[in-house]
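J.: Have a look at this fold, sequence not included:
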Ligand SMILES: Nc1ncnc2c1ncn2[C@@H]1O[C@H](COP(=O)(O)OP(=O)(O)OP(=O)(O)O)[C@@H](O)[C@H]1O
């Protein structure tokens, strides 16, 4: 269970360009559920996801994930938390073009100090689930958009995280690849992951495996 309590994010606090991006957010997200966080550009979706991923800290408020308070974790604990619990799929994939698919997918395992055998087993499994094993030796630079997305899915899965966060995952995909991404999400749901997708893409409307749609506007949750 993810509990968000009275969460606020103010950028550039006390400066002329201060901006209140998240305003008193309160949410409960059940484990193994798939939630769509819907809102127009600039509504605060990415800000909320990056705080949930411990990639940035809130100005105030609490986030409790499976009983652990994560909002103010010191950086070293935050990176351990991420390595064990979180898979993140970014809008722009955030892959290293000059590395091959296998190398990109195995990156989140580096902090875990695994043996080569364990590293290979986990990486191969993630490549298989994301249906990108056949390109494992290819440089990411040479992949199509849909293949880059599948590589990003494999990287998000490689540490077998409980929680998968997706930020505008279909923004750079055509309709066919967007539909394939939806089917990949459906499979992740069957693997009992908790999935949060931030999007304004109508393709996520009315999906049978989505448990809840949360609307966000101007940094606030709309009831
Ligand atoms: N580092 C920052 N400094 C100042 N303002 C910021 C910063 N990051 C985000 N913002 C502002 O916070 C608001 C919310 O941004 P956010 O990226 O969370 O929106 P979003 O809903 O994800 O938008 P999009 O769909 O376009 O990605 C925006 O107005 C943005 O300009």
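T.: Thanks, I have the structure now. Everything quoted here is computed from the prediction, not taken from an experiment.

J.: From now on I want contacts and neighbour counts done on CA atoms only, so please keep to that.
T.: Fine.

J.: Quick one: residues contacting residue 85.
T.: By CA atoms under 8 Å, 6 or more residues apart in numbering, the contact list for residue 85 reads 159-163.

J.: Next, give phi and psi for it.
T.: The phi/psi pair for residue 85 (degrees, to the nearest 10) reads phi -110, psi -30.

J.: mean confidence for the helix or strand hosting residue 182?
T.: Secondary structure from DSSP states H and E places residue 182 in helix 175-190. Confidence over helix 175-190 (mean pLDDT, whole number) is 88.

J.: other SSEs contacting that helix?
T.: In terms of contacts (3 or more CA pairs under 8 Å, 6 or more residues apart in numbering; DSSP states H and E), helix 175-190 is packed against no helix or strand at all.

J.: List the buried residues for that helix?
T.: Under the neighbour-count criterion of 16 or more other CA atoms under 10 Å, helix 175-190 has 177-178, 181-182, 184-186, 188-189 buried.

J.: out of those, what pair is the most spread apart?
T.: For the buried residues of helix 175-190, the maximum inter-member distance is 18.4 Å, found between 177 and 189 (CA to CA).

J.: which residue packs closest to residue 29, ignoring adjacent ones?
T.: Taking CA to CA, 6 or more residues apart in numbering, and ignoring the residues beside it in sequence, residue 29 has residue 2 as its nearest neighbour in space, at 5.0 Å.

J.: show me the contacts for the one you found.
T.: Applying CA under 8 Å, 6+ apart, we find residue 2 in contact with 27-31, 63-66.

J.: Out of those, which one has the lowest pLDDT?
T.: Across the contacts of residue 2, the bottom pLDDT score, 88, is held by residue 66.

J.: For residue 67, see how far away the nearest residue to it once chain neighbours are set aside is.
T.: The spatially closest residue to residue 66, leaving aside those adjacent along the chain, is residue 1, at 5.4 Å (CA to CA, 6+ apart). With distances taken as CA to CA, to the nearest Å, residue 1 is found 8 Å from residue 67.

J.: And for residue 100?
T.: Distance, residue 100 to residue 67, by CA to CA: 37 Å.

J.: These two: who's more crowded?
T.: Neighbours of residue 100 and residue 67, each counted by other CA atoms under 10 Å, are more numerous for residue 100; the result is 20 against 10.

J.: and the gap between that one and residue 138?
T.: Going from residue 100 to residue 138 by CA to CA gives 5 Å.

J.: Around the ligand, which positions in the protein sit nearby?
T.: Contacts of the chain with the ligand, taken as CA under 6 Å from any ligand atom, map to 11, 19, 21, 40-47.
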